[in-house]
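Enquirer: only geometry, no sequence info:
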């Protein structure tokens with residue numbers, strides 16, 4: 001008789017365990033995301049003029065801390081729409097245009113904290129004739145963040161190259177997924193080299209400097225008047241100094257804008273050796289994305305090559321050292337005189 005209660009208890013345990021194992025899984029509360037992890041969703045829409053609108057949705061799961069990088073000099077809006085989020089800015093001298101935005105978040109029960117960030121991004125796509133390339137703002141984040149990026153590019157014809165590789169393309173929409181390692185491998189940016197369905201043609205733009213004694217002729221799309229105006233202002237200030245150094249200033253100086261492949265963006269400008277003395281300076285549109293001062297420095301540097309050519313100093317393999325040395329020295333000298341920061 002003493003064994004019957006034990007048997008009954010054993011049967012009851014077996015029945016209970018069997019019932020438990022057959023319960024539907026959705027009846028148990030299992031968090032969909034790891035506690036303390038975060039996700040970031042970038043939605044980047046490129047406009048017809050090449051600038052873009054950037055919307056970011058940050059999601060923090062449970063309680064934790066994470067960071068992303070945001071622009072220093074562009075005003076952005078930031079809204080906490082869910083959860084408790086304390087945020088702060090941390091400067092990073094490595095990235096001149098960006099700062100680190102840290103989020104310390106505590107999420108509602110079984111839910112996530114959500115922060116929305118929005119800002120405009122100038123010159124996301126650079127375009128000339130039928131060539132174009134796109135580059136995101138810095139996409140850098142902490143190791144506990146998984147990042148998704150959706151990019152909409154109008155007028156996209158053919159993709160020539162992309163880094164890193166997208167996982168989905170639907171029409172003009174490209175989608176990427178980046179973890180910490182993949183983002184660092186891609187230098188924390190997404191870059192796309194592509195051709196345009198409808199070309200963006202350069203036009204002839206004429207400016208005058210030195211009390212109208214010298215003419216600057218630009219061949220550039222009108223959407224890049226900013227770079228035209230900066231070069232004009234730079235040479236107007238530098239005119240007396242350059243004329244004094246070389247004893248002359250050309251009556252006409254031409255500027256041709258160009259867009260290199262993403263593989264060769266480090267070449268910021270050049271003067272063709274065969275036409276050195278004719279005064280045609282080729283300026284890389286990528287300079288629009290560089291730190292202030294690079295455009296002005298490149299323009300004056302390339303002018304020195306032109307001036308040396310007009311003085312009879314040909315650009316050959318044997319004279320390259322004096323061409324480059326003088327171009328760099330005189331450019332820095334003149335920039336200091338006209339108030340351009342040359343500390344870097």
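Expert: Ah, there it is. Quantities reported herein were computed from a predicted structural model and do not represent experimental measurements. Numbering: from 1, shown residues only.
Enquirer: can you pull out the strands in the stretch 101-250 of the chain?
Expert: Applying DSSP state E, counting those that start in this stretch to the stretch 101-250 of the chain gives strands spanning 112-121, 125-135, 145-152, 156-163, 168-170, 173-178, 191-200, 203-209, 214-220.
Enquirer: so which residues make contact with the fourth one?
Expert: So the one you mean is strand 156-163. For strand 156-163, contacts defined as CB atoms under 8 Å, 6 or more residues apart in numbering pick out 130, 172, 174, 186, 190-197, 261-263. The way it works is simple: take the backbone N, C-alpha and C, and place the C-beta from them, glycine included.
Enquirer: in the chain, which helix has the most residues?
Expert: helix 225-246 (DSSP state H).
Enquirer: which parts of that helix are buried?
Expert: 227-228, 230-232, 234-239, 241-243, 245-246 (16 or more other CB atoms under 10 Å).
Enquirer: right, and the helix or strand after that helix?
Expert: strand 252-258 (DSSP states H and E).
Enquirer: chain center to that following strand, what's the gap?
Expert: Distance of strand 252-258 from the chain centroid (CA atoms, centre = their mean, to the nearest Å) equals 25 Å.
Enquirer: what's the domain layout of the chain?
Expert: 38-200, 203-337 (automatic domain parsing).
Enquirer: with mean pLDDT as added columns, please give those domains in TSV.
Expert: Shown next, in TSV, are the domains of the chain (pLDDT from 0 to 100):
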stretch	mean pLDDT
domain 38-200	94
domain 203-337	86
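Enquirer: residues touching residue 142, list them.
Expert: Per CB under 8 Å, 6+ apart, neighbours of residue 142: 38, 65, 66, 67, 68, 180.
Enquirer: so which of those are in helices?
Expert: Those of the contacts of residue 142 lying in helices (DSSP H): residue 180.
Enquirer: just the contacts of residue 142 now: which is nearest residue 87?
Expert: Nearest to residue 87 among those: residue 67, at 9.3 Å, using CB to CB.
Enquirer: ok, the nearest residue to residue 82 once chain neighbours are set aside to residue 88 distance?
Expert: Leaving aside its chain neighbours, residue 82 sits nearest to residue 114 (4.1 Å; criterion: CB to CB, 6 or more residues apart in numbering). Using CB to CB, to the nearest Å, one obtains 18 Å as the distance from residue 114 to residue 88.
Enquirer: please look at residue 58 and residue 38 and confirm they touch.
Expert: Yes: between residue 58 and residue 38 a contact is recorded at 6.7 Å, counting by CB atoms under 8 Å.
Enquirer: which neighbours do those two have in common?
Expert: Shared contacts of residue 58 and residue 38 (CB under 8 Å, 6+ apart): 66, 103.
Enquirer: mind listing what the residue nearest the centre of the chain touches?
Expert: Centre of the chain computed as the mean C-alpha position; nearest residue by CA atoms, centre = their mean is residue 137, 3.3 Å away. Residue 137 makes contact with 54, 71, 98, 121, 124, 189 under the criterion CB under 8 Å, 6+ apart.
Enquirer: if we go to 10 Å?
Expert: Residues in contact with residue 137, defined by CB atoms under 10 Å, 6 or more residues apart in numbering, are 42, 44, 52, 54, 56, 69-71, 74, 97-98, 119, 121, 124, 188-190, 289.
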